[in-house]
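In: Just a sequence and a predicted model for now, questions to come.
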Amino acid sequence: QVQLVESGGGVVQPGGSLRLSCTSSGRNFNSWNMAWFRQAPGKERESVAAISGTGGRTSYTDSVQGRFFISRVNARNTVYLQMNNLRPEDTAIYYCAGRYGGNIDDPYNYWGQGTQVTVSS
């Protein structure tokens, strides 16, 4: 069973930055599409960013375009989410997700436990 473990959440002031990390226990990490989702209180979970196995393709939801950047280091089995210019509306639990093969827009079937990001002054 593949495990995804997130880290890097915390409390930050508006305009600040955080970097989330997610490490996978699976093999052939470069064949895994990876993504970050988030869920704010009272709202549905939404996709934030996704990246293909080789890193050659990425996608972002409109609200984070130009502020958040997804990347990966396959040699470390790790995917990152660099979050800049954070806003209070970015406050949510952030989840790492993985899928072996397919496309970055396909449903994800492996999930981390989540890490809390709070943006507040």
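Out: That came through, no problem.
In: Tell me which residues touch residue 98, please.
Out: 2, 4, 24, 26, 32-35, 108-111 (Cβ atoms under 8 Å, 6 or more residues apart in numbering). No exception for glycine: its C-beta is placed from N, CA and C like everyone else's.
In: where does it fall, phi/psi-wise?
Out: Its backbone dihedrals place residue 98 at phi -140, psi 150, with angles given as degrees, to the nearest 10.
In: repeat for residue 63
Out: Torsion angles, degrees, to the nearest 10, at residue 63: phi -70, psi -20.
In: roughly how far apart are the spatially most central residue of the chain and residue 66?
Out: Nearest to the mean C-alpha position of the chain, by Cα atoms, centre = their mean, lies residue 36 at 2.5 Å. Computed as Cβ to Cβ, to the nearest Å, the residue 36 to residue 66 distance reads 16 Å.
In: now residue 50
Out: From residue 50 to residue 66 the distance is 16 Å (Cβ to Cβ).
In: what ranges do the strands span in this structure?
Out: Per DSSP state E, the chain carries strands over the ranges 4-7, 10-12, 18-24, 32-39, 46-51, 58-60, 68-73, 78-83, 92-100, 110-111, 115-119.
In: With mean pLDDT as extra columns, can I get those in a markdown table?
Out: Supplementary listing: those in a markdown table, determined by pLDDT from 0 to 100:
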| stretch | mean pLDDT |
| --- | --- |
| strand 4-7 | 96 |
| strand 10-12 | 98 |
| strand 18-24 | 98 |
| strand 32-39 | 98 |
| strand 46-51 | 98 |
| strand 58-60 | 97 |
| strand 68-73 | 98 |
| strand 78-83 | 98 |
| strand 92-100 | 97 |
| strand 110-111 | 97 |
| strand 115-119 | 98 |
